[in-house]
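>>> Fold the following and give me the result.
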Amino acid sequence: MNKEEEILPRRKRNLPLQDRIEIGKRIRKRRKAQNMNLRELAERSHISTNYLSRIENGNGSLSLAVLKDIVTALGARYAYILDGTLTSSNDIPDSTMKLLAECDAEDYEYLNRMISYHLEFLKKAKLKGFKSEHPHN
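From the prediction side, this is the model:
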């Protein structure tokens, strides 16, 4: 019996399909934000490219050990990968942080208004059943 089996009772080991799909999407999104391809993340996570692809598509089982390796390789936090919660600036991709570093106070104010407007638009669209077609999703 491995450590995961010791911790989790048998009926709790497998995540529901929708959870696996969402976790996979967040892994892919973070990987792409880091400009990393499947092979690079797979190597850094000590898993095969095929297995990582299945995880990203919600088709692969995900052990705690593999999750830890993926989270570490991505420089992400468990909260973000598991439920999409951004808990700190560490959860913001490096490419975004580089862009923000070039901003002044006026830029931040403008960006804040734009983000607020965009998020409000997305909330309304989701309520109407529309799905985001953003290229990073």
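>>> What residue, apart from its backbone neighbours, is nearest the residue nearest to the spatial centre of the chain spatially?
Within the chain, the residue whose C-alpha comes closest to the C-alpha centroid is residue 26; the distance, by CA atoms, centre = their mean, is 2.4 Å. Counting by CB to CB, 6 or more residues apart in numbering, the nearest residue to residue 26 once its immediate chain neighbours are dropped is residue 81, at 5.3 Å. No exception for glycine: its C-beta is placed from N, CA and C like everyone else's.
>>> Name all residues that make contact with the one you found.
Taking CB atoms under 8 Å, 6 or more residues apart in numbering, we find residue 81 in contact with 23, 26-27, 30, 67, 70-71, 74.
>>> go on, residue 17?
Under the criterion of CB under 8 Å, 6+ apart, the contact list for residue 17 reads residue 58.
>>> Show me where this structure has its helices.
Applying DSSP state H to the chain gives helices spanning 3-7, 17-33, 38-45, 49-56, 64-74, 78-83, 94-101, 105-127.
>>> wait, isn't residue 35 in contact with residue 95?
Yes. Contact between residue 35 and residue 95 holds when scored by CB atoms under 8 Å: they sit 6.9 Å apart.
>>> burial of residue 93, as a residue count?
The number of residues packed around residue 93, counting by other CB atoms under 10 Å, is 19.
>>> circling back: pretty sure the residue nearest to the centre of the chain contacts residue 79?
No. Checked against CB under 8 Å, the pair residue 26 and residue 79 is beyond contact range at 10.5 Å.
>>> looking at the protein, which helix or strand does the model trust least?
Taking mean pLDDT, DSSP states H and E as the measure, the chain has helix 3-7 as its least confident helix or strand, at a mean of 45.
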